[in-house]
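S.K.: Need coordinates for the following:
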Amino acid sequence: MLHLPRETRDAPSLKEAQLLKLLEIKAVFVDPLNGTGSGEIRDMLIGSLHRTGLFLVVEDEERADAFVRGAAEDLIYSEYYNRRDGLNVRGSASSSERESGESAYSAASFGIGDTESSSSRQRKHEALAAVRLVLSNGEVIWSSTQESSGAKYKGAGADVADKVAKELLAAFRRAEKVRHKINAEPVKSP
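M.R.: Numbering: from 1, shown residues only. Below you'll find the predicted structure:
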């Protein structure tokens with residue numbers, strides 16, 4: 001049987017080691033995000049992170065152990081749709097006769113036409129965020145990209161902020177499981 005040194009057996013993978021660093025963070029500063037409408041998404045992200053209770057969210061970056069950085073956009077635009085359907089039927093008939101100086105002419109014509117057109121405008125609201133959690137030494141330990149067209153009771157920006165916070169909370173829970181797994185493994189003697 002191959003016996004590995006204890007450090008090799010119990011060492012977490014790189015992904016697990018990054019997750020474990022989440023558990024060491026006490027205070028987070030959310031940097032201004034790049035992008036159109038990103039100021040509002042930043043504010044919503046601060047609120048969503050605060051509600052998770054994972055970290056102290058600070059306004060003074062000097063007090064932070066880690067930073068949320070990235071880009072976000074909150075877009076409101078309109079899509080226009082035009083439609084035109086039509087049906088036209090035309091017909092004509094004619095006849096002409098000429099006998100010994102007399103001429104007779106008859107003609108018939110008919111036509112049917114129908115055209116329908118419609119146009120509509122649909123207002124759309126979309127938001128997206130691509131953020132990462134960076135330690136003060138510059139190491140990226142977590143990242144997320146989220147999009148939303150809005151939710152039933154909240155706008156697209158608030159939905160994106162909540163999705164980011166929920167994904168970070170899920171990563172934090174995975175980190176707790178990894179820590180428990182590492183601490184619970186019995187040490188095997190060689």
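S.K.: element containing residue 118?
M.R.: strand 102-135 (DSSP states H and E).
S.K.: Tell me where the model's unsure across the protein.
M.R.: 1-12, 93-108, 185-190 (pLDDT under 70).
S.K.: Report the residue ranges of every domain in it.
M.R.: As recorded under automatic domain parsing, the domains making up the chain are 11-77+125-184, 81-119.
S.K.: Just give me how far the longest one sits from the chain centre.
M.R.: Mean C-alpha position of domain 11-77+125-184 versus that of the full chain (CA atoms, centre = their mean, to the nearest Å) differs by 14 Å.
S.K.: quick one: the closest residue in space to residue 20 that isn't next to it in sequence from residue 138, how far?
M.R.: Of all residues not flanking residue 20 in the chain, residue 175 sits nearest, at 5.7 Å (CB to CB, 6 or more residues apart in numbering). Where you see a C-beta, it was placed from the backbone N, CA and C, and this is true even at glycine. The gap separating residue 175 from residue 138 is 20 Å, by CB to CB, to the nearest Å.
S.K.: Of the two, which one has the most company?
M.R.: Applying other CB atoms under 10 Å to residue 175 and residue 138 shows that residue 175 carries more neighbours, namely 21 against 7.
S.K.: Could you pull up the residues touching the more buried one?
M.R.: 19, 20, 22, 23 (CB atoms under 8 Å, 6 or more residues apart in numbering).
S.K.: Of those, which belong to helices?
M.R.: Counting by DSSP state H, the part of the contacts of residue 175 found in helices is 19, 20, 22.
S.K.: dump the residue contacts of the first one.
M.R.: Yep, that's residue 19 we're talking about. Per CB under 8 Å, 6+ apart, neighbours of residue 19: 141, 142, 171, 174, 175, 178.
S.K.: can you list these in JSON lines and add secondary structure and distance to residue 112?
M.R.: Below are these laid out as JSON lines (DSSP: H, G, I helix; E, B strand; the rest coil; distance: CB to CB, whole Å):
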{"residue": "141", "secondary structure": "strand", "distance to residue 112": "72"}
{"residue": "142", "secondary structure": "strand", "distance to residue 112": "67"}
{"residue": "171", "secondary structure": "helix", "distance to residue 112": "67"}
{"residue": "174", "secondary structure": "helix", "distance to residue 112": "69"}
{"residue": "175", "secondary structure": "helix", "distance to residue 112": "73"}
{"residue": "178", "secondary structure": "helix", "distance to residue 112": "75"}
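S.K.: Of those residues, grab the buried ones for PyMOL.
M.R.: Buried residues among the contacts of residue 19 (16 or more other CB atoms under 10 Å), as a PyMOL selection:
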select buried, resi 141+142+171+175+178
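S.K.: Between the contacts of residue 19, which sits nearest residue 57?
M.R.: Proximity of the contacts of residue 19 to residue 57 (CB to CB) peaks at residue 142, which lies at 15.4 Å.
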